[in-house]
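**Q** Give me the fold of what follows.
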Amino acid sequence: MTDIPRRTAARTAKLASLPLGVAGRAAAGWGRRLVGGDGEEISAQLMAKSAEQLFAVLGELKGGAMKFGQALSVFEAAIPDEYAAPFRESLVKLQSAAPPMPASDVHRMLAEQFGRGWRGRFQDFDDTPAAAASIGQVHRAIWRDGREVAVKVQYPGAEEALRSDLRQLSRMSRLMQPLVPGLEIKPLIAELRERMEEELDYRDEAENQRIFAAAFDGDDKVRVPRVVASAPRAMVTEWVTGQKLSDVIRGGSQEKRNQAAALLAEFHYSAPARVGLLHADPHPGNFQVLDDGRLLVIDYGAVARLPEGLPRPLSVMVRLALEDKPGELLTLLRDNGFVRPGSPLRAEDAVTYLAPFTEPLRTDTFHFTRRWLQRQAERVGDLRSPDFNTGRELNLPPQYLLVHRVTMGTLGVLCQLDAEVPLRGIVRHWQPWIFDAKDESAGRHL
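**A** Numbers count the residues shown, from 1 in each chain. Model prediction:
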């Protein structure tokens with residue numbers, strides 16, 4: 001493979017093979033049942049083969065297809081267990097692995113971005129990629145001053161492939177739905193399309209990372225690697241490495257998982273106040289736990305810009321739900337465009353609907369589990385549930401969409417960690433007005 005497969009027709013055919021493959025295996029499985037095959041064993045085999053195909057296709061295509069797979073990995077905890085198990089490992093692989101591009105392509109891209117004398121910037125450069133992601137791969141190197149650095153190089157054709165994939169995935173969202181029962185695919189793809197432009201220029205990512213690195217410089221809980229150099233399709237940062245969060249999820253002790261989850265929650269809820277930005281790609285591949293106990297955070301291609309901190313209507317909404325003030329909550333929702341015009345929504349139903357955001361804040365420590373998240377997904381996704389009808393009456397204004405998506409993604413990772421988290425105290429520290437309106441003015445100065 002010399003670059004990302006570029007031809008739209010070829011990529012579309014690859015993507016189409018996913019739902020068609022599922023359908024074909026289901027038909028074959030049905031035939032085996034008719035001749036007396038074991039139903040559970042057949043279903044398990046079908047799901048395992050579908051998972052293998054998902055990883056193979058999305059990983060090979062990279063671009064928007066792989067980014068879609070990484071986004072799915074965040075919400076894996078919400079998928080019912082009988083479907084999720086075979087996909088879990090395949091989705092985790094997509095967080096940090098993909099077929100590499102040849103060294104000749106890497107050298108060509110670096111020459112385009114840093115000039116023909118790019119090798120003079122380095123004492124040493126390892127042609128074998130250390131990690132691969134949706135639109136680029138990372139190489140380990142030694143900078144000219146002796147520092148170990150990570151060199152991120154964008155795949156040739158990434159922009160064209162990203163646009164093509166997300167366009168085709170959007171058209172095929174209904175066919176793709178069987179691959180991830182319990183999740184709404186179309187809104188997820190729409191969100192990825194909104195974010196893709198800012199991720200293609202690494203100079204934007206470098207600037208975002210510089211801002212985060214300055215804000216968390218010397219922090220005892222979070223480490224952000226410093227940026228060394230950047231160009232439109234390549235960037236160089238400090239080399240920092242630890243234990244992958246996906247490994248903590250898979251085999252970490254309860255204590256380790258609790259610690260990692262608390263660090264992740266602290267990073268998510270503190271960033272709007274400390275940085276005026278929110279890291280908007282919270283899949284486990286972007287986090288590691290360092291030997292000194294800090295959380296390493298990488299990949300700043302997608303951020304939500306929050307110069308005034310977390311939008312106040314969101315936190316006031318949570319406060320009113322916690323205080324069980326349904327009337328005031330409904331007024332706030334209507335005034336800020338969260339309720340569809342003319343909707344007969346009842347105030348009490350609005351309070352109930354916000355449970356995923358309020359439940360973890362009602363006790364000093366909350367145990368985030370896959371089963372809890374699955375219940376939340378079932379509650380709002382079941383046609384027979386009152387909460388399903390409530391959801392149809394609500395609207396999420398565009399300016400809040402990314403914050404909502406990132407918060408839900410972070411909660412999903414906490415559930416993957418199966419962690420007990422002192423979330424109430426973390427949120428109280430950074431957003432005190434959620435628990436006491438008198439803290440409103442103090443919170444503006446954090």
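
**Q** Strands of the stretch 301-446 of the chain, residue ranges please.
**A** 303-305, 366-367, 420-421 (DSSP state E, counting those that start in this stretch).

**Q** Mind putting those strands into a markdown table with distance to Phe122, mean pLDDT and mean neighbour count?
**A** Where you see a C-beta, it was placed from the backbone N, CA and C, and this is true even at glycine. What follows is these, written out as a markdown table (distance: least, C-beta to C-beta, whole Å; pLDDT from 0 to 100; neighbours: other C-beta atoms under 10 Å):
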| stretch | distance to Phe122 | mean pLDDT | mean neighbour count |
| --- | --- | --- | --- |
| strand 303-305 | 28 | 90 | 20 |
| strand 366-367 | 47 | 98 | 16 |
| strand 420-421 | 41 | 98 | 22 |
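
**Q** just so I know, which of the ones you listed lies nearest Gly120?
**A** strand 303-305 (32.3 Å; C-beta to C-beta).

**Q** List the strands paired with the closest one, with their directions.
**A** strand 277-279 (antiparallel) (DSSP bridges).

**Q** if we can go back for a sec, TSV please, covering the strands of the stretch 301-446 of the chain and showing distance to Arg340.
**A** Listed next are those as TSV, based on distance: least, C-beta to C-beta, whole Å:
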stretch	distance to Arg340
strand 303-305	24
strand 366-367	31
strand 420-421	34
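
**Q** quick one, which of these is nearest to Leu290?
**A** Between Leu290 and the strands of the stretch 301-446 of the chain, the tightest spacing by C-beta to C-beta is seen for strand 420-421, at 19.3 Å.

**Q** what's the closest one packed up against?
**A** The helices and strands touching strand 420-421, judged by 3 or more C-beta pairs under 8 Å, 6 or more residues apart in numbering; DSSP states H and E, are helix 254-275, strand 366-367.

**Q** out of the ones you listed, nearest to Arg226?
**A** helix 254-275 (15.1 Å).

**Q** Go through the closest one and flag the buried ones.
**A** 256-275 (16 or more other C-beta atoms under 10 Å).

**Q** Surely Arg370 touches Leu417?
**A** No: the criterion here is C-beta atoms under 8 Å, and Arg370 misses it with Leu417 at 9.9 Å.

**Q** Mind checking which of these two has more residues around it?
**A** Leu417 (27 against 20; other C-beta atoms under 10 Å).

**Q** could you show me where the helices are in the stretch 201-350 of the chain, in order?
**A** 202-215, 245-251, 254-275, 312-322, 326-335, 347-353 (DSSP state H, counting those that start in this stretch).

**Q** Which among these is found nearest to Leu401?
**A** helix 312-322 (11.5 Å).

**Q** which regions of the chain lie under the pLDDT threshold?
**A** 1-99, 133-134, 160-198, 380-385, 387, 437-446 (pLDDT under 70).

**Q** re the thing from before, quick one: the helices and strands packed on strand 420-421 as JSON lines, columns for distance to Asp324 too.
**A** JSON lines is the format used below for the helices and strands packed on strand 420-421 (distance: least, C-beta to C-beta, whole Å):
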{"stretch": "helix 254-275", "distance to Asp324": "23"}
{"stretch": "strand 366-367", "distance to Asp324": "18"}
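
**Q** mind checking which of these is nearest Gln376?
**A** Of all these, strand 366-367 comes closest under C-beta to C-beta, at 12.9 Å.

**Q** What's the separation between the residue found closest to Asn336 once you drop the neighbours it is linked to in the chain and Gly337?
**A** Excluding the flanking residues, the one nearest Asn336 by C-beta to C-beta, 6 or more residues apart in numbering is Pro313, at 4.7 Å. From Pro313 over to Gly337 the distance is 9 Å, taken as C-beta to C-beta, to the nearest Å.

**Q** Does Glu421 touch Phe366 like I think?
**A** Just so we're on the same page, residue 421 is Val rather than Glu. Yes: the pair Val421 and Phe366 qualifies as a contact (C-beta under 8 Å) at a distance of 6.0 Å.

**Q** list residues touching both of those two?
**A** Contact criterion C-beta atoms under 8 Å, 6 or more residues apart in numbering; residues shared by Val421 and Phe366: Pro360.

**Q** okay, now the residue nearest to Asn336: neighbour count?
**A** Pro313, neighbours per other C-beta under 10 Å, totals 17.

**Q** cool, Phe212 as well?
**A** 23.

**Q** Distance check, it against Pro307.
**A** According to C-beta to C-beta, Phe212 and Pro307 sit 15 Å apart.

**Q** Tell me, how many residues neighbour Phe125?
**A** Applying other C-beta under 10 Å, we find 19 residues neighbouring Phe125.

**Q** And what about the residue nearest to it when sequence neighbours are not counted, helix, strand or coil?
**A** Nearest in space to Phe125, with sequence neighbours left out and distances taken as C-beta to C-beta, 6+ apart, is Ala141 at 4.4 Å. Classification of Ala141 by DSSP: H, G, I helix; E, B strand; the rest coil places it in strand.

**Q** Leu277 versus Glu207, what's the distance?
**A** Using C-beta to C-beta, which is the criterion applied here, Glu207 is 10 Å from Leu277.

**Q** who has more neighbours, the two?
**A** Leu277 (18 against 15).

**Q** close enough to count as contact, the more buried one and Ala271?
**A** Yes: counting by C-beta under 8 Å, Leu277 does reach Ala271; the two are 6.3 Å apart.

**Q** which neighbours do these two share?
**A** Joint contacts of Leu277 and Ala271 (C-beta under 8 Å, 6+ apart) are Phe212.

**Q** Next up, the contacts around Val318.
**A** Val318 neighbours (C-beta under 8 Å, 6+ apart): 354, 357-358, 361, 434.

**Q** Neighbour-wise, which one of the residues you listed leads?
**A** Neighbour max across the contacts of Val318 (other C-beta under 10 Å) = Ile434, 25 neighbours.

**Q** My guess is that residue contacts Ser315. True?
**A** Yes: with contact defined as C-beta under 8 Å, Ile434 and Ser315 form a contacting pair (5.0 Å).

**Q** mind giving me a markdown table with the helices of the stretch 201-350 of the chain and columns for distance to Asp291?
**A** Formatted as a markdown table, the helices of the stretch 201-350 of the chain follow (distance: least, C-beta to C-beta, whole Å):
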| stretch | distance to Asp291 |
| --- | --- |
| helix 202-215 | 19 |
| helix 245-251 | 13 |
| helix 254-275 | 12 |
| helix 312-322 | 35 |
| helix 326-335 | 45 |
| helix 347-353 | 42 |
